[in-house]
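# got a structure for you, letters missing:
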Ligand SMILES: Cc1cc2nc3c(=O)[nH]c(=O)nc-3n(C[C@H](O)[C@H](O)[C@H](O)COP(=O)(O)OP(=O)(O)OC[C@H]3O[C@@H](n4cnc5c(N)ncnc54)[C@H](O)[C@@H]3O)c2cc1C
């Protein structure tokens, strides 16, 4: 028999100047900014478990599972083999493995498993650190995790449904079986608001609810009829949704199975063929006499369900920060090993400018997400804390999610052609990025929400300014920009036209404030010099020549072996 040649010895060429596989990553130990943010925002006591989780999530095997769960997208199995309607979705085994990891490690409920009404000190910050670590490998699985995390305040305010559902949602066990939730080891909750004729404008909903018995109003059973156009994670055990009663648009908790053990009247019409987020099923649904219980006061459905939306928005902001971090890590790895024009790419001045700019953006996004996570932990600590919690999620959701698509595109380009090829994780990060900006309030809607908060709640603007003023005196450009923001806030003309500019300024200033106070000087200086100077266009790689590129790269690099390349 003729011996086979090893792969490296292909007859035409030897593979050189290609980076080695990135292999197992330590997403905790390799991320200084994360470790600092965790300590700063009150999650320090969880550092040990986060370290373990960071090692787990960084494993090549976990990234492989994520790749498979996204390549083999879920399929609708509407009927069983006898023609009975079952409305099931089949997922690749890798999806279930990832779901199990997420639930076992508290992605949907860590904060709520802790003591205290809001979870206790550091509980939400820890939860978001878990989300950040998980998101770097996979995002689709996090959709039902986000919704389950976010529904808790709604259920806590509604003891009837809460007593029944909260213990199931606090479980550390993922139970994929499609059986009544009461018989399961753990449960997950989704959220259906969007209809064809109105997504942002949910008051355009046409789904109706009729009382199922003599009792009406909060806590009563209703039968819902209508459609929902975007229903993600449709295999969840229950869903929060909106429907009109005679008393107005109201919120309902709709289980997959009715209390008497029958399949509920929700019918999956089809699964969406999505740009990204492919491991997660998103469906269209018809509701036919679908049994549900009213949650919160009749006619106050939007108010009630908004308590769920807030948590989802924090998830979006955190997930976007994580996409940026992993995109940066991949870019650093590639450019650290690839030579062009006699130098490693990471040593080429213009590439260094791009990489450092990407690093600044990723660190700023993480700092903001973790700071806002702390506002969840502190929301009960008086008016100012509550006001910061109110506006913080909107600001971080808008800006982190807005920056992630541009960031991941630029990081992808750092890899050249291979970045565009599906074997690399880059296309998945890139395709995921725009989604966070769309769901849970698209960009404009979020900015209008910021205006609403500023108008309706007098404590909001002072709370935000007090937070920003903690960094005053730390950088001249910061001080000038803060004065500019104050002038912008005082100007009441054309506010709707200016809402994006205003929200963007708040976000960038908040990120700058956090970096000025807590990051090493080269990071804070470069961030302020670029983002708060008058020449910033938002594109990456435009940092001033005086930037301390080496120091910022050193901080961003996760892998010890590359440090030698950075000093150049
Ligand atoms: C993959 C995916 C999964 C989803 N999963 C779910 C789910 O599980 N449950 C669910 O309920 N929804 C889900 N959605 C729907 C999502 O929340 C909506 O698409 C989103 O809220 C926007 O609503 P819309 O699509 O109807 O767009 P529209 O409301 O028509 O908005 C279109 C654009 O107009 C802008 N706009 C709206 N109002 C204004 C205004 N007053 N001024 C200026 N601009 C404005 C918006 O910002 C947006 O850019 C999902 C969406 C996607 C893409």
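Yep, that arrived. None of the values given here were measured: they were computed from a predicted structure.

# how about the residues of this structure near the ligand?
190-194, 199-201, 230-232, 274, 277, 282, 435, 438-439, 442-445, 448 (CB under 6 Å from any ligand atom). Using the backbone N, CA and C atoms, a C-beta is placed for each residue, glycine as well.

# Can you select the buried ones among these for me in ChimeraX?
Of the residues of the chain next to the ligand, the buried ones can be selected in ChimeraX as follows, counting by 16 or more other CB atoms under 10 Å:
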select :190,191,192,193,194,199,230,231,232,277,282,435,439,443,448
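
# does residue 478 sit in a helix, a strand or a coil?
Following DSSP: H, G, I helix; E, B strand; the rest coil, residue 478 is assigned to helix.

# check contacts around it.
471-472, 509, 512-513, 516, 528, 532 (CB atoms under 8 Å, 6 or more residues apart in numbering).

# mind listing what residue 540 touches?
354, 357-358, 361, 406-407, 410.

# Excluding chain neighbours, give the residue nearest to residue 479 in space.
In space, and not counting its chain neighbours, residue 479 is closest to residue 472: 5.9 Å by CB to CB, 6 or more residues apart in numbering.

# you'd agree that neighbour is up against residue 483?
No: with contacts counted by CB atoms under 8 Å, residue 472 stays clear of residue 483, the gap being 9.8 Å.

# buried stuff in the helix or strand hosting residue 39?
Using DSSP states H and E, residue 39 falls within helix 32-40. Judged by neighbour count (16+ other CB under 10 Å), helix 32-40 contains these buried residues: 32-38, 40.

# Beyond it, next helix or strand please.
Sequence order places helix 47-57 as the next helix or strand after helix 32-40, per DSSP H and E.

# dump the residue contacts of the residue of the stretch 451-568 of the chain found nearest the ligand.
For the stretch 451-568 of the chain, the residue closest to the ligand is residue 496, as judged by CB to the nearest ligand atom, at 7.4 Å. Applying CB under 8 Å, 6+ apart to residue 496 gives the contacts 448, 451.

# helix/strand/coil for it?
Three-state call for residue 496 (three-state DSSP): coil.

# measure the residue in the stretch 101-250 of the chain that the ligand sits nearest to to residue 245 for me?
The ligand sits closest to residue 199 of the stretch 101-250 of the chain, with a gap of 2.0 Å, by CB to the nearest ligand atom. Between residue 199 and residue 245 the computed distance is 21 Å (CB to CB, to the nearest Å).

# List the buried residues of the longest strand along the chain.
Across the chain, the longest stretch assigned as strand under DSSP state E is strand 282-295. Neighbour counts over strand 282-295 (16+ other CB under 10 Å) mark 282-285, 287, 290-295 as buried.

# Looking at these, spot the one nearest the ligand.
The closest of the buried residues of strand 282-295 to the ligand turns out to be residue 282 (CB to the nearest ligand atom; 4.2 Å).

# so what's the closest one up against?
Residues near residue 282 by CB under 8 Å, 6+ apart: 230-234, 271-272, 274.

# How about residue 539?
Residue 539 makes contact with residue 406 under the criterion CB under 8 Å, 6+ apart.
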